[in-house]
Each structure stands twice: as structure tokens, then as C-alpha cells.
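**Student:** Turn this into a model:
(chains A and B)
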2 protein chains.
Amino acid sequence: MTLPARINALILKNDGFAATRTGAGIDSLDPYLSFSTLPLPQPHAGQVLVKLRMASVNPSDLYFIKGEYGQARVKGAAAGFEGVGDVIDGKGLHARYLKGKRVAFVGGVSGSGAWAEYIVVPAATCVVVKPAMRDEDAAGHVVNPVTAWTMFDIVKKSGSKSFVFTAAFSQLGKLMAGLARDNGYAMIAVIRKDSQAAHLKALGAKHVLIQSDPDFAAKLAALMASEKPRILLDAVANQLAADIFTAMPARARWVIYGKLDTETPVISEPGQFIFMDKKIEGYWLSKWFRNASWLEKIKALRAVQNRFISGAWKTEVVATVKLSDAMQDLPDALKLGDGKVMIVP
Amino acid sequence: MTLPARINALILKNDGFAATRTGAGIDSLDPYLSFSTLPLPQPHAGQVLVKLRMASVNPSDLYFIKGEYGQARVKGAAAGFEGVGDVIDGKGLHARYLKGKRVAFVGGVSGSGAWAEYIVVPAATCVVVKPAMRDEDAAGHVVNPVTAWTMFDIVKKSGSKSFVFTAAFSQLGKLMAGLARDNGYAMIAVIRKDSQAAHLKALGAKHVLIQSDPDFAAKLAALMASEKPRILLDAVANQLAADIFTAMPARARWVIYGKLDTETPVISEPGQFIFMDKKIEGYWLSKWFRNASWLEKIKALRAVQNRFISGAWKTEVVATVKLSDAMQDLPDALKLGDGKVMIVP
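**Tutor:** Numbering: from 1, shown residues only, chains lettered A, B, ... in the order given. Predicted coordinates:
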């Protein structure tokens, strides 16, 4: 196989972090990315060169290119965290074992990204994909599904048989709905649009609350009394989330894993930390990967792949955009909103 | 010994909780208490009758009588949580063992309180006071000193060699200063008045920051960089505390144990929960007593008594008010502010 000297990629225009925060919304990629070419990245010891099949577009990607993610940008590097592709080459024992295999990955080595024809990633972070798994499921099966799997573990370990989930019409919310139903847990899903409720219930959410419902507070209070959820899994970290947390029963934990809203929340009842033993904490998949044992990781990834292969989970793809069309088409595709957007070479 | 049929007491005028919160400040006791008589409380099985020597006045007492504490008031009952006295009578094996002994206590049985000539308390919650300990030290040696001792344990277990302490000129802050110095920890004390700094440093605080200092933020940032404190022990839960928490390094924990300020804090950087693994939690002595083993409690109380007997800790009493004068004199005594106020029969 002849490898090209240069590859097409979506390349970061900026360094470091943005001074202001505007959230995950994007009207144009022009301020952040350019479609151009980079030299073919070269694997060093312990690394593999992967030819991209499909990259997924996650909210973390959008925050990152805008400079609003907890990780500094490097100008001139390819963007994109997650995808699936074929291992073409590599250095070291593990790399040679992976050669020819289809792998999923999250995060390339410095300067290399998933929104490109080729990416170099550490061999140790590659996940071999079972043949029965579709590219559409494999391309995004690490960030969101492993997040769902490990966050559901937080609920299970808490002893609470129910949990609240904000921004629940996200891919993550849909994955959680199935996990909750299949394991006998009551998911209280908080969403923006009434039109999304039926779909989310079909996927497994026991209760759905619409943010704009004039009776939201009363319905929430009734569910707090009947289901007694002690975990709030939250991607918005705004006043709505803070108010839900305040309404929750004793020993409630507000687990923040995203900051979709730029509004900063007010803690209206700090006494609840003392007298009701409430807590606020964060969840970050990177930290889970850093702290989990090799066996825990293998078990989680195997379980995730099996759920996709069995059809218990299915990635809802709303648009597939070519790398060369992304500058123009990606912002519109992201506005479709009811499923994942994929990038293909 | 002849026991009176009726006893003098400061009696709660209100039931339940207040609708509004105004904090620990009190200009007059009239809306909350009356000085009057109650029938002598009778000990049931497992309870002892204690003749009061001295009761301490804690912030929790003031919040409680105002209906702003996490515990409902009972109209017609005596106020007052903590004190020291002599066991006069009692029912049961443990009660008979305690008869004639000087004991410290926190919280009487329903209807009975420490701001009275006699109180009935469960025998199991009585702490026998070593003879060498002064009444002034014994009267308040459970709530604040055990809180200091167990909160210092949070710092030790965190692995951080320093901590931030707000409202640090409180009795608790003074106790913590000594514990910190004697164990080689750097206490970063945040106080309101420059005039309190020297005293607090003499007691053991390594650093003192004055809230009104125009360079407060810069000095705080410098200490965060040099001392890297990961625990914030906080009794105010206001914006200042939230801003200190935001300025703290990764893995910082904001431990809220009081709500002295009525201002509600805004969480300006929720992303820190995710990417910096920060946490907010509460501390409540009652919960510690509920969860600690018998041995842990004995060890903590013995250590606390020994620190007072050795002189490492000393209760600074700023005023001693007679029960019959309290309605008039207590509010002014509380405004003296630089030490504890005690009530005697």
C-alpha cells in the first residue's frame, strides 16, 4: 500500500484557550478550523498509524476547537478526538499485533487528530473492534458509551434505584435510558422539547420532564417524593440543574460531566450540604481511564461492544459529512440535533 | 438533696422553622425566648437528670432559636444545646454509674434544654469530665473542640499539608490554629479584621488573610501556589468562599460546616468539578457522632480533654451571663465577639 506524503485534515487555527465562553453552538467553523493538508504523521515507538474510516463529532470536540474545553489547543494540528479506522503501520510489539486490525481510538498523539485521513495514536489506547460491530457504532463507542456505562456504575454503587439526567435527548441520554430500563432503574429524563419525550420513553426512560412545562417544579417534586433519586447526572451545570439538586432528597449527589450552558448556577441552599449530606462532584472519562484497572477497562469495553452488537444500543446517525465538505456542511448538520454527526474521509 | 418542683429556664416561643433567614445576629431575644419556669424534667429509662453548672452559647444555638437551624423548634421547651453539670439522678445501669459525676452533654431529651437549671439527657450521650478540666473548658468541649478535632482529621486524611479556614476568628478557628501548628500543617486563616491577625498567628495560624485587603485576591493566589491547600473548611458559604474555592488547586474540596452569611454563592467555574476533580460537601458533627465507632468517639473526646488540661487549648470566655439576666444581657455579650459567652444558673 502506498502512503501519501501529505494528508487532508481539518486543522486548528488557534492556540490555547478562548478568553470567552459561548458554549457548544457553532454557526461557522471558519474562526476555528481550515481544511488543508498536513504531512503524513509518523508513528514512533509504541504508536500506530491509523487510516480513518469514520470519526464521530462529540460536544467535547466543539468545545475544544472553540478553546472552551479543559485541554489547550495546538495551532496547526488536526482536530477531532474519536473515531475508527484500520491500523496501517506501527512501531513496537503491540503496534505490530494491531497491524491490519480495525480499531477505535480516542485522542491522537500531539499534533495528530481524528478529523484527518490518517492519525497516529498510542497503541495502548487502541480498542480492537469486534467484526460484527458497524463502523457507525464503533466510531463513537468509546467516549459516549463508556461514559454511559461508567456513569451508570455511579448510580448502581450509590444504592439509589433512580437518577435524574439533564439534557437527556443527547446520545448519552439515549444510551442511559436503555441501560436504566434493562437494569430496572428509573431514569428521570429532563429535556427541552415535548416532541422528544415519546422517543426517549421508548428507549427506556421511565419519566420525562419538559423544562418549559409550567408544572415542571410540581412534577419534579412529586417524582422526588416517589422515586427518591440520589444521583443527578448533569451536562448543563446551570440554574435548572442547581434547582433540581436543591429539590432532591437527602444524600443527593450532583455529578457534573459537562457544561453545555454558559449560565453560572447559584447554590440557594448551602445548608443542605451540612444537614442533608449532599455533595457536588465531577465526572470525566479521561480520569476514569487513568484510574481504572486494565481489567475494568476491558470489561467495560467488551460490555459496550456487546450491547451494540446485540442491538440493545444503536447509534442514531443523523448526518455523515465528508472531510472535504465539513467546513461548509458540518454546522448545519450539527443543528439537526436528533442524532450523531459523523465525518468520513 | 431536695429538688425543686419547677425550674427557671429560657423557653422557646416558636415552633418549627422561620420563613426567612437573617443569620446568627441577634439584637433581642424577645421574639424567640422568654425567661420563665418549667416543671422539673423527669428522667426515664436510660436518662439522667443533670444540675447545670454552665452552658455554652454556640452559633448553632442562635440559629436554632431563630428557626434557621436544620432542626425544628418545639414551642415551650427550654433552649440550649451544650453544657456541663452534675448528675443528680437517673434510671438504668449506666445512669446509676454516672450519678454524682460531672458530665458534659450536647442536646437534651425532647422538651429539655441546657439553658435551664436542670436538664434531662440520655445517659449514653454524657461525657464524663476529668477532674483537672475547668468548667469553662468542659461546658463547650464537645461541639466546637470535637468539631475541630474531627475536621482536622479531614485535612490529615486528604494528604494536603495545608488548608484554608474562613471566619477563622471563631472559637473553632482558634482551636484549629493550635492543632495545625502542633501537627506541622499550614492554616490559611481568612478573617474580617486586621486587629485579629496577630492573636490568630500567636495561636498557630501560619498565614492570615484579611477579607477587606485590596490585595486579597493576589495574596490568596500566591498562597494557593506556594501552599497548595486542597481543603477549604468553611462556615460562611458565601461568594467569598466560592471564590476561594475557585482559586484553589486541582482536587480541592469545599467542606461547608456552617452558613453564617445569608448571601448565596454563585459557582463561576463548574468545569472545575470535571477537569480539576473538585468537590463540594458538608460536615455536621451530629453525623460524625452517628457514624463514628464507640472507640473513635472515646479517642476523640480523650484527646480533646487532654489538650484542654495540658493548656494547649484554652477556652477564651468573654462574658458569663446569669440565666435570669440573659434576656437583657445576652445580645450585648454576643456582640463582644472575641470569645465565648457562657450561661450560668
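**Student:** Which helix or strand lies directly C-terminal to the helix or strand A:Ala202 falls within?
**Tutor:** Taking DSSP states H and E as the criterion, A:Ala202 maps to helix A:197-203. Downstream of helix A:197-203, the next assigned helix or strand under DSSP H and E is strand A:207-210.
**Student:** For chain B, see how far away A:Met133 is.
**Tutor:** Per C-beta to the nearest C-beta, to the nearest Å, A:Met133 is found 29 Å from chain B. From N, CA and C alone the C-beta is placed, and that goes for glycine too.
**Student:** isn't that residue right up against A:His141?
**Tutor:** Yes. With contacts counted by C-beta atoms under 8 Å, A:Met133 reaches A:His141, the gap being 7.4 Å.
**Student:** Distance check, A:Val190 against chain B.
**Tutor:** 17 Å.
**Student:** and that residue, that one's in a strand?
**Tutor:** Yes. When DSSP: H, G, I helix; E, B strand; the rest coil is applied, A:Val190 is found to be in a strand.
**Student:** who's in contact with it?
**Tutor:** A:Val164, A:Phe165, A:Thr166, A:Ala167, A:Ala168, A:Val208, A:Leu209, A:Gln211, A:Leu240, A:Ile244 (C-beta atoms under 8 Å, 6 or more residues apart in numbering or on different chains).
**Student:** Which strand residues bridge it?
**Tutor:** A:Leu209 (DSSP bridges).
**Student:** which parts of chain A sit against chain B?
**Tutor:** With the criterion set to C-beta under 8 Å from any C-beta of the partner chain, chain A comes near chain B through A:70, A:237, A:242, A:256-259, A:264-268, A:270-284, A:287.
**Student:** Kindly recompute the last result at 7 Å.
**Tutor:** Within chain A, the positions lying close to chain B (C-beta under 7 Å from any C-beta of the partner chain) are A:70, A:237, A:256-257, A:259, A:264-268, A:270-271, A:273-275, A:277-284, A:287.
**Student:** low pLDDT regions in chain A?
**Tutor:** A:1 (pLDDT under 70).
**Student:** My read is that A:Pro43 contacts A:Gly90, right?
**Tutor:** Yes. Counting by C-beta atoms under 7 Å, A:Pro43 does reach A:Gly90; the two are 5.2 Å apart.
**Student:** intersection of neighbour lists for those two?
**Tutor:** Taking C-beta atoms under 7 Å, 6 or more residues apart in numbering or on different chains as the contact rule, A:Pro43 and A:Gly90 both touch A:Leu49.
**Student:** Helices along chain A, start to end?
**Tutor:** Applying DSSP state H to chain A gives helices spanning A:59-65, A:93-98, A:135-138, A:143-158, A:171-182, A:197-203, A:216-227, A:239-247, A:271-275, A:285-291, A:294-310, A:326-336.
**Student:** Please enumerate residues in contact with the longest strand along chain A?
**Tutor:** As assigned by DSSP state E, the longest strand anywhere in chain A is strand A:47-57. Residues outside strand A:47-57 that contact it (C-beta under 7 Å, 6+ apart) are A:41, A:43, A:80, A:82-91, A:95, A:98, A:103, A:105, A:109, A:114-123, A:126, A:135, A:139-140, A:334, A:340-345.
**Student:** Kindly calculate the angle that that strand makes with helix A:326-336.
**Tutor:** Orientation check (axes from the mean of the first three to the mean of the last three C-alpha atoms, to 10 degrees): strand A:47-57 against helix A:326-336 gives 50 degrees.
**Student:** Work out the gap between strand A:47-57 and the centre of the chain.
**Tutor:** Centre-to-centre, strand A:47-57 and its host chain are 17 Å apart (C-alpha atoms, centre = their mean, to the nearest Å).
**Student:** about what we covered before: among the residues of chain A next to chain B, name the buried ones.
**Tutor:** A:70, A:237, A:256-257, A:259, A:264-267, A:270-271, A:273-275, A:277-284 (16 or more other C-beta atoms under 10 Å in any protein chain shown).
**Student:** Would you mind measuring from the residue positioned nearest the centre of chain A to chain B?
**Tutor:** Of all residues in chain A, the one closest to the mean position by C-alpha atoms, centre = their mean is A:Asn144, 3.8 Å from it. When distance is defined by C-beta to the nearest C-beta, A:Asn144 is 15 Å away from chain B.
**Student:** what's that residue in contact with, if anything?
**Tutor:** A:Asn58, A:Gln171, A:Leu172, A:Leu175.
**Student:** which one of these has the most neighbours?
**Tutor:** Neighbour counts for the contacts of A:Asn144 peak at A:Leu175, which has 27 neighbours (criterion: other C-beta atoms under 10 Å in any protein chain shown).
**Student:** and the gap between that residue and chain B?
**Tutor:** 19 Å.
**Student:** so how many other residues sit close to the closest residue to that residue other than its chain neighbours?
**Tutor:** Nearest residue to A:Leu175, sequence neighbours excluded (C-beta to C-beta, 6 or more residues apart in numbering or on different chains): A:Ala148, at 3.9 Å. By other C-beta under 10 Å, 24 other residues sit near A:Ala148.
**Student:** same question, A:Lys91
**Tutor:** A:Lys91 has 16 neighbouring residues, counting by other C-beta under 10 Å.
**Student:** Specify the beta-bridge partners of it.
**Tutor:** Beta-bridge partners of A:Lys91, as defined by DSSP bridges: A:Ala45.
**Student:** who touches A:Ser162 in this structure?
**Tutor:** Per C-beta under 7 Å, 6+ apart, neighbours of A:Ser162: A:Tyr185, A:Ala186, A:Ile188, A:Glu227, A:Lys228, A:Pro229.
**Student:** wait, what's in contact with the fourth one?
**Tutor:** Think A:Glu227. Shown in contact with A:Glu227 (C-beta under 7 Å, 6+ apart): A:Ser162, A:Ala186, A:Ile188.
**Student:** wait, which of those residues is closest to A:Phe17?
**Tutor:** Nearest to A:Phe17 among the contacts of A:Glu227 is A:Ile188, at 34.4 Å by C-beta to C-beta.
**Student:** ok, so what distance separates A:Pro316 from chain B?
**Tutor:** That one is not Pro; residue A:316 is Glu. 25 Å.
**Student:** in terms of contact, does that residue touch A:Leu336 like I think?
**Tutor:** No. Contact criterion C-beta under 7 Å: A:Glu316 and A:Leu336 do not qualify, at 10.7 Å.
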